[in-house]
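Participant: what's the 3D shape of this:
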Amino acid sequence: MPLTLPDGSRTADLYIEMGRFHHQVAADVPEETAALMAATQRPVTNAALTEGASAPAWKEIPSWVLVATEDLDIPPQTQTFKAERAEATSVTVTASHPVSVSHPGDVARLINEAAQATA
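Facilitator: As a prediction, this is how the structure comes out:
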């Protein structure tokens, strides 16, 4: 969907089509949950997916990554590459994109591990 930003530049809001959402984004969550997620999804602007970072934080601070091996939105190979580049502590979970919905315990454990390691 076309969008004009406050500075007058043009971009697009991107959404996952509702009929494709369950398979594309949330294949390992119940269909009813995926339908709610599809109906309430927030758009992402094309600019958010293409602009670079000025100073990547992972170069200066420790990082933890949860790689979702069934993610169709961010390929697991990309997740793994970025984790390795950041020398991150990495955990792999057989999960789709919304891993915090489908595997909240794994996410909570990784957050707790990061919190304890940096306390």
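
Participant: Pull out the buried positions in stretch 56-75.
Facilitator: Buried residues in stretch 56-75, defined by neighbour count with 16 or more other CB atoms under 10 Å: 63, 64, 65, 66, 67, 68, 71, 72. Bear in mind the C-beta positions are built from the backbone N, C-alpha and C, glycine included.

Participant: can you pull out the helices in the chain?
Facilitator: Here the chain has its helices, by DSSP state H, at 18-24, 31-40, 46-50, 76-85, 99-102, 104-118.

Participant: mind checking which of those is nearest residue 8?
Facilitator: Judged by CB to CB, the one of these that comes nearest to residue 8 is helix 46-50, at 13.1 Å.

Participant: and the closest one, C-alpha only, in CSV?
Facilitator: Provided in CSV are the C-alpha atoms of helix 46-50 (Å, rounded to 0.1, in the frame of the first residue of the first chain):
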residue,chain,number,x,y,z
ASN,A,46,9.5,-1.0,2.6
ALA,A,47,12.0,1.6,3.9
ALA,A,48,12.4,-0.3,7.2
LEU,A,49,13.5,-3.4,5.2
THR,A,50,16.0,-1.6,3.0
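
Participant: helices and strands around that helix, which ones?
Facilitator: strand 10-14 (3 or more CB pairs under 8 Å, 6 or more residues apart in numbering; DSSP states H and E).
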